[in-house]
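>>> Okay, predicted coordinates and the sequence, questions at the end:
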There are 2 protein chains.
Amino acid sequence: MDALVCTDCGRECALTEPIWRCECGGTLDISFTATFDRQQIDRYGSTMWRYRGAIPIAGDNIVSLYEGCTPMGTLSVHGQPIWLKFDHVLPTGSFKDRGASVLVSKVKELGIRHIVEDSSGNAGAAIAAYSAAAGIRCDVYAPKQVSAAKLAQIRAYGANVHLCVNRELAGAQAQWDARGAYYGGHAWNPFFIHGVKTCAFEIVEWLGGAVPDSVVVPVGNGTLLLGMYIGFCDLVKARVTRRMPKLIGVQASQCAPLQRAFRLGRERPSHVFGKPTVADGIAIDRPVRGRQILKAVRETHGRFVAVTELEIMKAFDRLCLTGLYVEPTGAVGLAGAAKYVRKEHPDEVIVTVLTGHGLKAPEAVRAWLDEEA
Amino acid sequence: MDALVCTDCGRECALTEPIWRCECGGTLDISFTATFDRQQIDRYGSTMWRYRGAIPIAGDNIVSLYEGCTPMGTLSVHGQPIWLKFDHVLPTGSFKDRGASVLVSKVKELGIRHIVEDSSGNAGAAIAAYSAAAGIRCDVYAPKQVSAAKLAQIRAYGANVHLCVNRELAGAQAQWDARGAYYGGHAWNPFFIHGVKTCAFEIVEWLGGAVPDSVVVPVGNGTLLLGMYIGFCDLVKARVTRRMPKLIGVQASQCAPLQRAFRLGRERPSHVFGKPTVADGIAIDRPVRGRQILKAVRETHGRFVAVTELEIMKAFDRLCLTGLYVEPTGAVGLAGAAKYVRKEHPDEVIVTVLTGHGLKAPEAVRAWLDEEA
């Protein structure tokens, strides 16, 4: 039976419970049988909702802004082609639209009228946009360092923005203030991740049914990596594909609790005090799903890669010079893929994701261009 | 025979001539027979290049970043549904990508290695992006008031930016400095407009083959309006459709040389000294194709509408609250459509275009939100 399942204690709850974590404090996952009906998929057109048989939302509650079905292209790195998934051109300018569309659809299904969420910026903008589209009140808690472009965007959608001292306190404050509303913190919310997973389906469809050997993604709270894990698992379980790709998580060297834990062979993220990084979208000291992320990476025989600030911005430059404009965090995947290819020289089909648009971070871009000049 | 044709004196030139205006000083159009082969269109997938039989570019020179095939949605205004074309989610965040893709493809076809262009920002970003993708050097002349987000974006693509005192001098300076290079000023360049026209094809395809009664678009230099005119003409000439829509041009009241000329029954744009407007993308005192634009609007039994700053920002608010984030210029079309519907109460199928992403103008958005608060 479809249910919310605790990733720690295994306790099950109905999918209709408006909870965001287990009584034991554990994060929730969704037990749900995804189906892929070719005819249905083709009939539904060019949004991620073409895979609605694989998304745990009932009937008419879909809140959509035409997200998904983003194109892919290749870039040659150290002589090897790397596939890029263009998720930076989703409606609000980041891959978070996938998660927000499903999360807000679920909230609509539950009949709840108020979402509270915390974010470094992109998830806040995405959830604010979909909340506006659904006519649902939205409060976003963000660190006061949030980029001015993201802040203006979140406010424009009509969300109430609460600026907090840092990213971690934004989460704590949001959880506290969410009593009486629905806490939609995307790191915790399993429906969000079950939206993000559609990225995996689209990759396989773009590659003509093939599973890449490695999927390389930036990891902060890890919603993209876990989305990939669940998405590729869904495809294997439904016998659409036969194997999992290696999942390669990329973190900024400035803030790499998972890369460190992986290297040390630990099950849980290391305690780090992250230093500031240009990749502000993945500057997460304590990823709440850290254990789950490490498990997924190990299970798929993947690994973690840490990239320096310079490596990130060199990848940014590389993308710009092919006409692809991403925010620094959006270049982290390519930076990691380049390092992975150079170190391991694998003769593999490698996919990475461009996660956020360059227009999200004009200040950071200008600072970098001025430094280069 | 396919040719460049002067819109003033009728003189013809080969399509391979790297000129941007006629010897007589007139603007150029392209005489070219567009074809629409259903099977070919479907085979080419989801970019505007699916209509390549209707685009005057030869064979293998296409420079594409997966632009076009943007979705459409409706919004109810004064009880009437208005169709919105989501061109703000094109790769660089504005409809200018359509024009830039064709313009840069043409430059590649001609074997030219250097483009010079002037722009209030969006066309500059688009041409810079496609130039980067094609490995062509690009110089962009922009007014010094250009939004910081657009400026960072243009620079990121590797273009050399020249800031000028105002929009008009940017044009003059670019034309002067373009000797030895290719002047790609989008107001003059006919290939640019023959890229923009694909928007008309996509509208008809989205509407299942139907032609809207009215198409309402922001007009500065008028490349979008002329693109629509040429695109709908192509469809009629090829007998894909049977009639033209009315073309409704919208200008900001602060800078409305064409709306004024239309009202006064004149053939050429009125002389105005435009005042500053939130719609900086259409703040053009002297549209070089003014006569052509007025003719197209009259020929289709359309009209001009002028909208105030407040009307523009109210349309912006309306869009945001349905989850659609555009820059102020991108809301001008809806503001005009709302005024058109209210004044004339037409029972018509009306389409307008969201021309640029909200992330293009965070400063203007913040200023407006602060004013409202």
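Sure thing, it's come through.

>>> can I assume residue A:314 sits in a strand?
No - using DSSP: H, G, I helix; E, B strand; the rest coil, the assignment for residue A:314 is helix, not a strand.

>>> Surely it touches residue A:339?
No - counting by CB atoms under 8 Å, residue A:339 is not a contact partner of residue A:314; they are 10.7 Å apart. Just so you know, the C-beta spots here come from the backbone N, C-alpha and C atoms, and that holds for glycine as well.

>>> Which of the two has more residues huddled nearby?
Neighbours around residue A:314 and residue A:339, counted as other CB atoms under 10 Å in any protein chain shown, are more numerous at residue A:339. The numbers are 21 against 16.

>>> didn't residue A:35 look like it was pressed against residue A:56?
No - judged on CB under 8 Å, residue A:35 makes no contact with residue A:56 at a distance of 11.3 Å.

>>> residue boundaries of the helices in the stretch 151-300 of chain A?
Taking DSSP state H, counting those that start in this stretch, the helices of the stretch 151-300 of chain A run over residues A:167-177, A:190-196, A:198-206, A:223-237, A:257-263, A:290-299.

>>> Do you have the helices of the stretch 1-150 of chain A handy? List them.
According to DSSP H, counting those that start in this stretch, the helices that the stretch 1-150 of chain A contains are A:38-43, A:96-110, A:122-134, A:148-156.

>>> Tell me the buried residues in the first one?
Looking back up the chat, that one is helix A:38-43. Neighbour counts over helix A:38-43 (16 or more other CB atoms under 10 Å in any protein chain shown) mark residue A:41 as buried.

>>> before we move on, back to that, looking at residue A:35 and residue A:56, which one has more neighbours?
Using other CB under 10 Å as the criterion, residue A:35 and residue A:56 rank with residue A:56 on top: 21 against 14.

>>> Okay, the more buried one and residue A:222: tell me how far apart.
20 Å (CB to CB, to the nearest Å).

>>> Quick check, pLDDT for the spatially most central residue of chain A.
Per CA atoms, centre = their mean, the C-alpha nearest to the average position across chain A is that of residue A:224, at 3.1 Å. Per-residue pLDDT puts residue A:224 at 98.

>>> The residue nearest to it when sequence neighbours are not counted - how many residues pack around it?
Of all residues not flanking residue A:224 in the chain, residue A:217 sits nearest, at 4.7 Å (CB to CB, 6 or more residues apart in numbering or on different chains). For residue A:217, the neighbour count with other CB under 10 Å is 27.

>>> Over to the one 10 residues further on?
Residue A:227 has 24 neighbours, counted by other CB under 10 Å.

>>> and it, what is it in contact with?
By CB atoms under 8 Å, 6 or more residues apart in numbering or on different chains, the contact list for residue A:227 reads A:98, A:99, A:193, A:194, A:195, A:196, A:197, A:198, A:199, A:200.

>>> So, low pLDDT: which residues of chain A?
By pLDDT under 70, chain A has no low-scoring segment.

>>> How about the closest residue to chain B within the stretch 101-250 of chain A: what's its closest non-neighbour residue?
Relative to chain B, the nearest point of the stretch 101-250 of chain A is residue A:133 (3.4 Å; CB to the nearest CB). What sits nearest to residue A:133 in space, not counting adjacent residues and going by CB to CB, 6+ apart, is residue B:323, at 3.4 Å.

>>> surely residue A:128 meets residue A:154?
Yes - assessed by CB under 8 Å, residue A:128 is found in contact with residue A:154 at 4.9 Å.

>>> what residues are shared contacts of those two?
In contact with both residue A:128 and residue A:154: residue A:140, using CB under 8 Å, 6+ apart.

>>> Just the strands from the stretch 251-373 of chain A, written as ranges.
Under the criterion DSSP state E, counting those that start in this stretch, the stretch 251-373 of chain A contains strands at A:303-307, A:350-353.

>>> Comparing these, which comes out most buried?
Across these, averaging neighbours per residue (mean count of other CB atoms under 10 Å in any protein chain shown) puts strand A:350-353 on top, at a mean of 28.

>>> what lines up beside that one in the sheet?
Using DSSP bridges, the strands paired with strand A:350-353 are strand A:80-85 (parallel), strand A:214-218 (parallel).

>>> now the last one against helix A:198-206, angle please.
It refers to strand A:214-218. 140 degrees (axes from the mean of the first three to the mean of the last three CA atoms, to 10 degrees).

>>> Show me which residues of strand A:214-218 are buried.
A:214, A:215, A:216, A:217, A:218.

>>> what's the answer for stretch A:240-253, then?
Going by 16+ other CB under 10 Å, stretch A:240-253 has these buried residues: A:240, A:241, A:244, A:245, A:246, A:247, A:248, A:249, A:250, A:251, A:252, A:253.

>>> Just those: which are in strands?
A:246, A:247, A:248, A:249, A:250, A:251, A:252 (DSSP state E).

>>> For the third one, which non-adjacent residue is closest in space?
By the measure of CB to CB, 6+ apart, the closest residue to residue A:248 outside its immediate chain neighbours is residue A:216, 4.2 Å from it.

>>> tell me the contacts of the one you found?
A:248, A:250, A:305, A:333, A:336, A:337, A:340, A:350, A:351, A:352.

>>> Nearest residue to the second one in space, please, no chain neighbours.
Okay, so that is residue A:250. residue A:336 (2.9 Å).
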